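S.K.: Predicted structure and sequence below. I'll ask about it afterward.
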Amino acid sequence: MGLLRIVGDAATHHLAALAVTLADPWQRLALGAAVLAAALIVVSSFVKTIIPLRWLAVASNIGFIVYGYIHPSPLILALHATLLPVNLWRVLEMERLTSRVRRASAADDQSGLWLQPHMRRRRMAPGSVLFRKGDAADRLYMLAEGEMEIVESGRKMETGRMFGEIAFFAPDRRRTATARCTTACIVLSIDESTFKQLYYQNPEFGFEIVRLIAGRLTEDVQRLQGELAAQRRSP
């Protein structure tokens, strides 16, 4: 009986405190914001894609900030005021990537220029070797400035085009040729870890890379067919 009385007194006290709180319109707003923020967290557990998940986190942060400011609860206010700009920055970054991917797809852009914001810049002197035949293919590259050649074939790289993607996705992950700078070059690169992060954050990124690789393979096949046709026509 003593325990039941303690529980009953505690319940009565909390109900009275809740009634006082609900009598204040500002406190009703604070509790409503907290309930909505908590509901958004529950909803986010069922979301499978990262961009909607980030937007739900942003909305939840705003709800808890409103609650923490009005109630007041300094700890909750400080926590979600810190998380809000982080979540906003991440979601806007992903939205920008999505926009770039869609524009590249609509324009049939196979250059990979939309990847530049996520790539690292490296300056190379004339005669420098970027990678050699047989090296591990752990990066995708883009030639930003200068001239570069594939040593085995003598083929020149086009400025603003991504290269090295075939070996990057090949089963053995090994370079099939050597790339060397013929002039001073600026090379951009993206490593496997960054590439995977972009893919998990935005599945459209993966589809665009597949489209890019398919386009390059088609170009190579057409080039080889043209060379074979030219050889057959020659006496």
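M.R.: Done, it's in.
S.K.: In this structure L56 contacts T49, no?
M.R.: No. Counting by C-beta atoms under 8 Å, L56 stays clear of T49, with 10.9 Å between them. Quick note: C-beta positions are derived from backbone N, CA and C, even for glycine.
S.K.: Those two: who's more crowded?
M.R.: Per other C-beta atoms under 10 Å, whichever of L56 and T49 has more neighbours is L56, with 21 against 10.
S.K.: what about that one, is that helix, strand or coil?
M.R.: State at L56, reduced to three classes by DSSP: H, G, I helix; E, B strand; the rest coil: helix.
S.K.: Tell me who's in contact with it.
M.R.: L40, I41, V43, S44, V47 (C-beta atoms under 8 Å, 6 or more residues apart in numbering).
S.K.: Counting neighbours, which of those residues end up buried?
M.R.: Among those, those classed as buried by 16 or more other C-beta atoms under 10 Å are L40, S44.
S.K.: and which of the contacts of L56 is nearest V66?
M.R.: Nearest to V66 out of these is L40 (C-beta to C-beta; 12.7 Å).
S.K.: now the closest one, nearest residue through space, not along the chain?
M.R.: Nearest-residue entry for L40: S60, 4.3 Å, with adjacent residues in sequence omitted and distances by C-beta to C-beta, 6 or more residues apart in numbering.
S.K.: And the one you found, how close does it get to S45?
M.R.: 12 Å (C-beta to C-beta, to the nearest Å).
S.K.: number of nearby residues for the residue nearest to L40?
M.R.: For S60, using other C-beta under 10 Å, the count is 24.
S.K.: One more: R161?
M.R.: Neighbours of R161 (other C-beta under 10 Å): 14.
S.K.: same question, A33
M.R.: A33: 21 neighbours (other C-beta under 10 Å).
S.K.: Use 830 as the first number from now on
M.R.: OK, 830 is where the count begins now, so the last one is A862.
S.K.: Tell me which residues of the helix ranked longest in the chain come out buried.
M.R.: For the chain, the longest helix by residue count, based on DSSP state H, is helix 903-935. Using 16+ other C-beta under 10 Å as the test for burial, helix 903-935 gives 905-906, 909, 912-913, 916-917, 919-920, 922-923, 926-927, 929-930, 933.
S.K.: what packs against it?
M.R.: Helix 903-935 sits against helix 879-899, helix 1021-1030, helix 1032-1062, with contacts defined as 3 or more C-beta pairs under 8 Å, 6 or more residues apart in numbering; DSSP states H and E.
S.K.: Just give me how far the last one sits from the chain centre.
M.R.: On the basis of C-alpha atoms, centre = their mean, to the nearest Å, helix 1032-1062 sits 27 Å off its chain's mean C-alpha point.
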